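Student: Dropping the sequence and predicted coords here.
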Amino acid sequence: MQVQSPKNASFIRIYLEGEKNGKEYFWFDTLRLKIKNKPFTYLKGDLNQDNKVNSQDFQILIQKFKKTQNIETEDLNSDGIVDIKDIGILMHYWTN
């Protein structure tokens, strides 16, 4: 298990990977932290924090496609690169 949080971040990322019955699996989640008594809200894939996952978030993700640096929020599965897996996660949570 790996827990990641950039210095002074408002979120933590939890990542677990392993193997069971010869099959690889992974699980991850990102949690936003409550800051200055603001209500806790988080929608996975909501990269611009407007409480929707839509084309605006997709555009943000595409700008970081195939990047490996400065991708703390865009790397939705925490594997160190923004790739097709992250696009799949964003599409899964698409709301509009």
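Tutor: Now that the structure is in, tell me what you want to look at. Numbers count the residues shown, from 1 in each chain.
Student: Please name the residues that touch residue 22.
Tutor: Not one residue lies near residue 22 by C-beta atoms under 8 Å, 6 or more residues apart in numbering. For the C-beta atoms, the positions are set from N, CA and C on the backbone; glycine is no exception.
Student: mind showing which ranges of this structure have poor pLDDT?
Tutor: Applying pLDDT under 70 to the chain flags residues 1-17, 25-42, 96.
Student: which residue ranges form the helices in it?
Tutor: In the chain, the helices defined using DSSP state H lie at 55-63, 84-92.
Student: Which strands and helices lie in contact with the first one?
Tutor: Yep, that's helix 55-63 we're talking about. helix 84-92 (3 or more C-beta pairs under 8 Å, 6 or more residues apart in numbering; DSSP states H and E).
Student: Buried residues, the helix it packs on. List them.
Tutor: Neighbour counts over helix 84-92 (16 or more other C-beta atoms under 10 Å) mark 86-87, 89-90 as buried.
Student: residues contacting residue 53?
Tutor: Contacts of residue 53 (C-beta under 8 Å, 6+ apart): 43-46, 90, 93-96.
Student: number of nearby residues for the residue nearest to residue 68 when sequence neighbours are not counted?
Tutor: Counting by C-beta to C-beta, 6 or more residues apart in numbering, residue 68 lies nearest to residue 81, which is 5.1 Å off, once chain neighbours are set aside. Number of residues near residue 81 (other C-beta atoms under 10 Å) recorded here: 16.
Student: residues in contact with residue 81?
Tutor: 66-68, 71, 75.
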